[in-house]
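Enquirer: below are the sequence and a predicted model; questions follow.
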Amino acid sequence: MATYYSKAHRLSETIRTDIESGVFALFSRLPGEQRLAGMYNAARGTIRKALARLIDEGLLVRQGTRPVVNPEASNK
């Protein structure tokens, strides 16, 4: 039986892959929710959930209003 993952879970994995491949560099601020929603063809709520998951995992950190790629993440 296939495992089902929520859209936010799948999106967080896509963003993780983009970070690992250099689309978003270490120390860089991610675009705003609306722009990310357009980039990934997802609702802003889904973007929020995906980013929250990556923040919880330590790949992103909150600095101000937009998340930043955690420079410590490369060591994990």
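Expert: Looks like it arrived, so ask away. Numbering: from 1, shown residues only.

Enquirer: make it CA atoms for all contacts and neighbour counts henceforth
Expert: Noted.

Enquirer: any weak-confidence spans in this protein?
Expert: 1-2, 74-76 (pLDDT under 70).

Enquirer: for it, which segments count as strands?
Expert: 60-63, 66-69 (DSSP state E).

Enquirer: and those: which comes nearest R29?
Expert: strand 66-69 (4.3 Å; Cα to Cα).

Enquirer: chain center to that closest one: distance?
Expert: Distance of strand 66-69 from its chain centroid, counting by Cα atoms, centre = their mean, to the nearest Å, is 9 Å.

Enquirer: list of residues touching that strand?
Expert: Here strand 66-69 makes contact (Cα atoms under 8 Å, 6 or more residues apart in numbering) with 19, 24-32, 51, 55, 59-62.

Enquirer: now do the buried residues in it.
Expert: The neighbour-count check on strand 66-69 (16 or more other Cα atoms under 10 Å) flags 67-69 as buried.
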